[in-house]
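In: one predicted model, sequence on top.
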Amino acid sequence: MKGITNFNGGGASNICKFATLLKISGFVLISVIFFFFGKHFSDGSYQQLIFFASHQNPESQTTPSVALSPNLNKSFNDDTVSSQQQRQTLPPISSSPPALQRMGMLDEDGRMTDDFEVGEYEYDPKLVDNWAEVNVSDAATRRDNGVRRIRVNKFPICPESMREYIPCLDNQEAILKLNSTGKGEKFERHCPEKGKKLNCVIPAPKGYRSPIPWPRSRDEVWFSNVPHARLAEDKGGQNWITVDKDKFKFPGGGTQFIHGADQYLDQIEKMIPEIAFGRHTRVALDVGCGVASFGAYLLSRNVITLSVAPKDVHENQIQFALERGVPAMVAAFATRRLLYPSQAFDLIHCSRCRINWTRDDGILLLEVNRMLRAGGYFAWAAQPVYKHEAVLEEQWEEMVNLTSRLCWTLVKKEGYIAIWQKPLNNSCYLSRKELTLPPLCEPDDDPDNVWHVDLKACITRLSEEGYGSNVTAWPERLQNPPDRLQSIQIDAYISRKELFRAESRYWKEIIDGYVRVLRWDQFKLRNVLDMRAGFGGLLDKLINSFTGSFAAALIENHMDCWVLNVVPISGPNTLPVIYDRGLIGVMHDWCEPFDTYPRTYDLIHAAELFSVERKRCNISTIMLEMDRILRPGGRVYIRDSVSIMDELGEVGSAVGWHVALRETSEGPHASYRILTCDKPIQRA
């Protein structure tokens, strides 16, 4: 028994030692195998895994993701240059260093140069086509997965009495405090003070319907969308507007052209063939526009007309114009400059606009002179032109005398229309007799400074370089960098035209993505607002992403829309360039409400606006204003920094929009995102 016991005990000990040795040997073998496998996979012959985590928003960061890089073994040439940034991509890895290619505006010594290249923007169409399918996230889901930066309670519905509310023009408290109203001060901007700004969403009229699309809307709109019959009652006999069952109809007439706007336009062009609508004359201003039939019918002649009128006894005339799909703004000739640049309009028209042009040393006609392009035309259709009554004949003589001192030439007087032409240069002004009134403005007066600037009873000097008078004909002027670029105060001088072209290419690619992926070509767009326009041309990028031609795009691709380009006061004043291109725009401060009726625009576009204006303005206030002027069923596109998107999404949801966050075509690690917002036709 003892032997057996010793044998068994020694055998067990030997077996344990053998098992331990076996484990150690196996561990060594496995280590060697892993070593060789690791070396094999690290030699680059197999597809590598790239580990990355999103750091775009640290406050809402979720679990890091692991994926194959979509850019593996691809090379890119993305040297798109914008006016605010220049981006250079790394070249593909190679055994020898690539040739140096300088893409910046500074040379090797840090000096500005115009000898630089702007790379072409290239992208993978497959990636862009998949953009809409894979890069959309519902804002509510996105916020629930991360840390909520801000929470905004849902804004209430405003009282029914505010249905047509324009904050800066309906401020009765401020209007009652005015010292004088004799010069039209009550029709100018008087914005609510802090604490009294809009804090609710404006309701639509009962029975509101999606607007009738253009071009049908030129001739008829739904009564329920603008339920105000007074204008039809007052002007029914003048062929302006009539009520027909559930619609308003617009016969195309006016006070001075009762036989129709088309016949009236034919008469003007026969009087002055050099006006050449759609070629020499591209941008017009219609003062005291009524329901804007003058501008509505000029659109078919490739002339874009900004129609303006005050919110007076016929307060809804601008609302009718906008519902029809005609460019229009509420504005008044009173005591301040209008918010448009010098030499903006090729033609300024006034048909019975009820303005006393000769009052106060002609200060109102001097404002027309400031905005009228050198060599441009002023058309006046009014009773003093053709009626032989003592009072009216005296008014005519005053007008002739004033226009003569302004160096305007009376080119033609026929029937009830008189047309003057502005000089091309300062030679006539300088040759006037000494002490002739009105005087020339001081050389340091900036005629493009318009924000809260009083009217001046002086003649605006024309540029000695010919800026403003040397624009090309339409449509060539749309893409030609205008010479007035040199007068814009931006951080470049020699390379301004290259920056202009680079920005155009950059935005063309962005808008092309909007059209291809977000299907803008399928939207029934008519009234479009660009809240931060730069050099202008959201419209030309949008339409040229199809065929490269404005007229062809409108006809072939049914993009029958117009764009109001807004230049914020917080940036460089590029409005003169916008008008030189044959587009329209306005100066504005987005810390304040906009001068238009509720339910004005089908689409509002804001690029890099909020990341700039958040330093000055309340984001909620801006977005409530956007909601006020956005039509039910309309859309908002906000392209801005990743860091601000959570807040914008929260406010958009609080306003009542359906919001979604999208990546740009540059991929998930780009510093920008696009917030798309849809305003429901009926609010919950």
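Out: Perfect, thanks for sending it.
In: so Ile638: helix, strand or coil?
Out: Recorded secondary structure, Ile638: strand (DSSP: H, G, I helix; E, B strand; the rest coil).
In: for the closest residue to Ile258 other than its chain neighbours, what are its contacts?
Out: Leaving aside its sequence neighbours, Ile258 sits nearest to Asn239 (CB to CB, 6 or more residues apart in numbering; 5.0 Å). Bear in mind the C-beta positions are built from the backbone N, C-alpha and C, glycine included. By CB atoms under 8 Å, 6 or more residues apart in numbering, the contact set of Asn239 is Pro251, Gly252, Gly253, Gly254, Ile258, Gly260.
In: quick check on the residues you listed: which are buried?
Out: Gly252, Gly253, Gly254, Gly260 (16 or more other CB atoms under 10 Å).
In: ok but the second one is inside a strand, no?
Out: To tie it back to what came earlier, the one meant is Gly253. No: according to three-state DSSP, Gly253 belongs to no strand; its state is coil.
In: please name the residues that touch it.
Out: Taking CB under 8 Å, 6+ apart, one finds Gln238, Asn239, Trp240, His259, Gly260, Ala261, Ser293 in contact with Gly253.
In: how near is the third one to Cys350?
Out: Okay, so that is Trp240. According to CB to CB, to the nearest Å, Trp240 stands 16 Å off from Cys350.
In: follow-up on the earlier one: out of the buried ones among the contacts of Asn239, which is nearest to Lys177?
Out: Gly254 (36.2 Å; CB to CB).
In: wait, what's in contact with that closest one?
Out: Counting by CB under 8 Å, 6+ apart, Gly254 makes contact with Gln238, Asn239, Trp240, Ala261, Tyr264, Gly290, Ser293, Phe294, Ser351, Arg352.
In: most surrounded residue in those residues?
Out: Within the contacts of Gly254, most neighbours by other CB atoms under 10 Å means Ser293, with 30 neighbours.
In: next, it: phi, psi?
Out: Ser293 adopts backbone torsions of phi -70, psi -30, taken as degrees, to the nearest 10.
In: what pLDDT does it get?
Out: Listed pLDDT for Ser293 reads 94.
In: I'd guessed it sits against Gln238; true?
Out: No: using CB atoms under 8 Å as the test, Ser293 is too far from Gln238 to be in contact (10.8 Å).
In: in the buried ones among the contacts of Asn239, which has the lowest confidence score?
Out: Lowest in pLDDT among the buried ones among the contacts of Asn239 is Gly254, which has 80.
In: any idea how far it lies from Asp234?
Out: Taking CB to CB, one finds Gly254 at 14 Å from Asp234.
In: what do you get for Arg614?
Out: On the measure of CB to CB, Arg614 and Asp234 end up 45 Å apart.
In: which one's more surrounded, these two?
Out: Legend: neighbour count by other CB under 10 Å for Arg614 and Asp234, higher for Arg614 (16 against 13).
In: so what's the closest residue to Glu367 other than its chain neighbours up against?
Out: Spatially, and ignoring its direct neighbours in sequence, Glu367 is nearest to Leu455 (5.6 Å; CB to CB, 6+ apart). Contacts of Leu455 were listed using CB under 8 Å, 6+ apart, and they are Thr335, Arg336, Arg337, Ile363, Leu364, Leu366, Glu367.
In: in helices only, show me those.
Out: Those of these mapping onto helices are Ile363, Leu364, Leu366, Glu367, per DSSP state H.
In: next, format those as TSV and append pLDDT, distance to Trp474 and neighbour count.
Out: Formatted as TSV, these follow (pLDDT from 0 to 100; distance: CB to CB, whole Å; neighbours: other CB atoms under 10 Å):
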residue	pLDDT	distance to Trp474	neighbour count
Ile363	98	32	19
Leu364	98	29	22
Leu366	98	28	21
Glu367	98	25	21
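In: can you tell me which of those lies closest to Val651?
Out: Nearest member of the ones in helices among the contacts of Leu455 to Val651, counting by CB to CB, is Glu367, at 37.9 Å.
In: ok, that closest one to Leu529 distance?
Out: From Glu367 to Leu529 the distance is 25 Å (CB to CB).
In: hmm, back to that, so which of the contacts of Gly253 comes closest to Asn426?
Out: So of the contacts of Gly253, ranked by how close each gets to Asn426 (CB to CB), first place is Ala261, at 35.6 Å.
In: ok, that closest one - contacts?
Out: Gly252, Gly253, Gly254, Ser293, Phe294, Ala296, Tyr297.
In: could you rerun that using 6 Å?
Out: If a contact means CB atoms under 6 Å, 6 or more residues apart in numbering, then Ala261 has Gly252, Ser293, Phe294, Tyr297 as its contacts.
In: quick one: pLDDT of the closest residue to the last one other than its chain neighbours?
Out: Read it as Tyr297. Ranked by CB to CB, 6+ apart and with sequence neighbours excluded, the top spatial neighbour of Tyr297 is Ala261, at 3.9 Å. pLDDT, Ala261: 93.
In: do the same with Lys456
Out: Note on Lys456: pLDDT of 95.
In: what ranges does the stretch 351-500 of the chain have for its strands?
Out: Applying DSSP state E, counting those that start in this stretch to the stretch 351-500 of the chain gives strands spanning 372-381, 409-414, 417-421.
In: repeat that for the stretch 151-300 of the chain.
Out: Going by DSSP E, counting those that start in this stretch, the stretch 151-300 of the chain shows strands at 220-222, 242-244, 247-249, 283-287.
In: okay, these, which one's buried deepest?
Out: Compared across the strands of the stretch 151-300 of the chain, strand 283-287 shows the largest average neighbour count, a mean of 26 (mean count of other CB atoms under 10 Å).
In: parallel or antiparallel, list what pairs with it.
Out: strand 304-309 (parallel), strand 345-351 (parallel) (DSSP bridges).
In: what mean pLDDT does the last one get?
Out: Pointing back at strand 345-351 there. According to the model, strand 345-351 has a mean pLDDT of 97.
In: how far away is Glu315 from Lys249?
Out: Taking CB to CB, one finds Glu315 at 20 Å from Lys249.
In: repeat for Pro156
Out: 37 Å.
In: and for Val303?
Out: Per CB to CB, Val303 is found 24 Å from Lys249.
In: same deal with Pro310?
Out: 25 Å.
In: and the most centrally placed residue in the chain, what's its pLDDT?
Out: Residue closest to the average C-alpha location in the chain (CA atoms, centre = their mean): Asp530, at 1.1 Å. Asp530 is assigned a predicted lDDT (pLDDT) of 91.
In: cool, Leu525 as well?
Out: Predicted confidence (pLDDT) for Leu525: 88.
In: list the contacts for Thr430?
Out: Rather than Thr, residue 430 is Leu. With CB under 6 Å, 6+ apart, Leu430 has no contacts at all.
In: which intervals of the stretch 451-600 of the chain have sub-threshold pLDDT?
Out: 490-495, 503, 506-507, 535-559 (pLDDT under 70).
In: try it again with 80
Out: Within the stretch 451-600 of the chain, the segments meeting pLDDT under 80 span 486-523, 534-560.
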